[in-house]
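Novice: Sequence plus the predicted model coming up.
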Amino acid sequence: RSRDRLLLIMRDTETDTLLPKGLEKEAIIAHKTGDIRTTLGDVGIVDMPNGKQYIGAVLVKRSDNDPQARSCIQGISRTVYQHFKWYGGQKKEPPTNPIKPN
């Protein structure tokens, strides 16, 4: 029960501007963000529509509140998601540019 409660809390994380921005709408993520001026991070469990599941954790060391850290985390999330989508058995051919936003 405690695991289910924790996942429910993590699915309701209010800050959805990091890892969730790299996912497609059908994906479900339970995650926790962290921001302490010089470090920005997000860690989560992603459930993909194809039945695959993975854990992602990205921490970015940055200059004091540098906004580029946010886009870095989003890009990493997008790239990893596309990798598991295309090479995880759902599709046969990779996208031409997996880093470019949808």
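Specialist: Cool, got the structure.
Novice: and His83, how many neighbours?
Specialist: By other CB atoms under 10 Å, the residues close to His83 number 13. Any C-beta I mention is one placed from the backbone N, CA and C, and that applies to glycine too.
Novice: Surely it is within a helix?
Specialist: Yes - residue assignment for His83, taken from DSSP: H, G, I helix; E, B strand; the rest coil, places it within a helix.
Novice: who touches the nearest residue to Leu23 once chain neighbours are set aside in this structure?
Specialist: Counting by CB to CB, 6 or more residues apart in numbering, Leu23 lies nearest to Tyr81, which is 5.3 Å off, once chain neighbours are set aside. If a contact means CB atoms under 8 Å, 6 or more residues apart in numbering, then Tyr81 has 22-24, 27, 46, 48 as its contacts.
Novice: Which of the residues you listed lies at the shortest distance from Ala57?
Specialist: Comparing the contacts of Tyr81 against Ala57 with CB to CB picks out Val46 as the nearest, at 11.2 Å.
Novice: quick one: the closest one and Pro20 touch, right?
Specialist: No - checked against CB atoms under 8 Å, the pair Val46 and Pro20 is beyond contact range at 9.1 Å.
Novice: contacting residues for the residue nearest the centre of the chain?
Specialist: Closest to where the C-alpha atoms of the chain average out (CA atoms, centre = their mean) is Leu19, at 2.8 Å. With contact set as CB under 8 Å, 6+ apart, Leu19 has these partners: 29, 31, 42-44, 46, 56, 58, 73-74, 77.
Novice: Try it again at 7 Å.
Specialist: For Leu19, the residues meeting the contact criterion (CB atoms under 7 Å, 6 or more residues apart in numbering) are 29, 31, 42, 44, 56, 73, 77.
Novice: Can you get me a residue count around the residue lying closest to Val80 once chain neighbours are set aside?
Specialist: Distances taken as CB to CB, 6+ apart put Gly56 closest to Val80, at 5.9 Å, once the chain neighbours are dropped. Neighbour count of Gly56, defined by other CB under 10 Å: 20.
Novice: For Gly56, what are phi and psi?
Specialist: Note on Gly56: backbone dihedrals following degrees, to the nearest 10 are phi -130, psi 140.
Novice: what's Val43 sitting at in phi/psi?
Specialist: Torsion angles, degrees, to the nearest 10, at Val43: phi -130, psi 140.
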